[in-house]
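Asker: below are the sequence and a predicted model for it; my questions follow.
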Amino acid sequence: MKDLTFHIFDLVENSVKAGATRLWVDLIMDGRMLTMELRDNGPGFPEAVLKAPADPDSTTRTERPVGLGLALMRESARATGGTLTAANAENGGARVSVTLFPGHIDARPLGDVAACFTDLLAAWPSLDMTVRTGEAAELKTIFDSRTIRQEVSEDECNHPSIRRFIANELTRGFQPLTDWYDSLRDTALTTTTSEV
């Protein structure tokens, strides 16, 4: 996957296909580490996935016999010295936690996170999704689909002017994360290039 937004989209898609109707996504800036946490209210992971979350043969997918989402996400994290854990929450639902280091030479680009979440809302307008970002002690909610649906119907979520509005609001909300991530990644690439 060429950037992290592809992983995010895939993980959300898996949650929805497993039966989740509510999703929480946290993108946390912690020094030089990014932590991504996705939690849902679905049925949780089967035992086989919990035992080997990155094994493509352990999957909840029904349309194909392998699941690559967690395996590819783990490889993207590990390439930077990070980790991936998958668990079931005590009160139900699945939880995926990923740490990675944007300043590592092998870190993937972040991608257009605003477009990613705009597309997720368009794909599943009835999904209740809350997105927070910031430093761990100061996480701010920058998107809550329930708030959007108080103003417009599910059908209207895909109207071009509504999509533009949502994308613009998300772009503003994600700007500190994007700047931080790109700065760390650019420093790693510049340093590596100058050493060659």
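Answerer: Looks like it came in fine.

Asker: show me where the chain has helices.
Answerer: Per DSSP state H, the chain carries helices over the ranges 4-18, 47-51, 69-78, 113-123, 145-151, 160-195.

Asker: now those helices as CSV including mean pLDDT, mean neighbour count and distance to M129?
Answerer: Every C-beta, even on glycine, is put in place using the N, C-alpha and C of the backbone. Shown next, in CSV, are these (pLDDT from 0 to 100; neighbours: other C-beta atoms under 10 Å; distance: least, C-beta to C-beta, whole Å):
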stretch, mean pLDDT, mean neighbour count, distance to M129
helix 4-18, 93, 20, 8
helix 47-51, 82, 13, 22
helix 69-78, 90, 20, 17
helix 113-123, 93, 20, 7
helix 145-151, 86, 14, 5
helix 160-195, 87, 14, 12
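
Asker: of all the ones you listed, which lies closest to I28?
Answerer: helix 160-195 (9.2 Å; C-beta to C-beta).

Asker: packing partners for that closest one?
Answerer: Where contact means 3 or more C-beta pairs under 8 Å, 6 or more residues apart in numbering; DSSP states H and E, helix 160-195 is packed against strand 22-30, helix 113-123, strand 128-135, strand 140-144.

Asker: angle of that helix against strand 128-135?
Answerer: 40 degrees (axes from the mean of the first three to the mean of the last three C-alpha atoms, to 10 degrees).

Asker: next, the angle from helix 160-195 to helix 4-18.
Answerer: Using the same axes, to 10 degrees, helix 160-195 lies at 130 degrees relative to helix 4-18.

Asker: hang on, the earlier thing: who wins for proximity to S97 among the helices of the chain?
Answerer: Of all the helices of the chain, helix 69-78 comes closest under C-beta to C-beta, at 9.9 Å.

Asker: looking at the helices of the chain, which is nearest to N91?
Answerer: helix 4-18 (15.6 Å).

Asker: tell me the angle the closest one makes with strand 22-30.
Answerer: 150 degrees.

Asker: from the chain's centre, how far out does helix 4-18 sit?
Answerer: On the basis of C-alpha atoms, centre = their mean, to the nearest Å, helix 4-18 sits 7 Å off its chain's mean C-alpha point.
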